[in-house]
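K.L.:
my questions concern the predicted model and sequence given below.
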Amino acid sequence: MKLTPNMSTADRIIRLVIVAVFGWLYFTGTVAGTLGLVLLILAVVFLFTSTTAFCPIYRLFNLSTRK
């Protein structure tokens, strides 16, 4: 399956900011335990989708923020 980009630059930047916030919350110990691990996993997913410009959930619902 080809990963056709479906995310705009703004969408990607917002996700990267979220990655930074989630990472900071986890690695400073502000959020720990199960919630911390969930945030860390979401950060990894957001980092992947931001770098590839492809969001599988957008594809599932036939959405795109890309012009």
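P.N.:
Nice, thanks for sending it over.
K.L.:
OK, contacts around the residue nearest to residue 59 when sequence neighbours are not counted?
P.N.:
Nearest non-adjacent residue to residue 59, counting by Cβ to Cβ, 6 or more residues apart in numbering: residue 6, 6.3 Å away. In short, each C-beta sits where N, CA and C put it, glycine included. Residues in contact with residue 6 (Cβ atoms under 8 Å, 6 or more residues apart in numbering) are 53, 54, 55, 58, 59, 63, 64, 65, 66.
K.L.:
pLDDT score for residue 6?
P.N.:
Looking at residue 6, its pLDDT reads 94.
K.L.:
from residue 64, how far out is it?
P.N.:
Look at residue 6 and residue 64: by Cβ to Cβ, to the nearest Å, they are 4 Å apart.
K.L.:
also residue 57?
P.N.:
Residue 57 is 12 Å from residue 64, by Cβ to Cβ.
K.L.:
more neighbours: which of those two?
P.N.:
When neighbours are counted by other Cβ atoms under 10 Å, residue 57 and residue 64 differ, and residue 64 comes out ahead with 15 against 10.
K.L.:
could you say which helix or strand holds that one?
P.N.:
Using DSSP states H and E, residue 64 maps to neither a helix nor a strand.
K.L.:
for residue 13, same thing?
P.N.:
For residue 13, the enclosing helix or strand under DSSP H and E is helix 9-27.
K.L.:
can you give the contact residues for that helix?
P.N.:
7, 30-32, 36, 39-40, 42-43, 46-47, 49-50, 53, 55, 65.
K.L.:
got any ranges where this structure has weak pLDDT?
P.N.:
Flagging of the chain using pLDDT under 70 yields the residue ranges 1.
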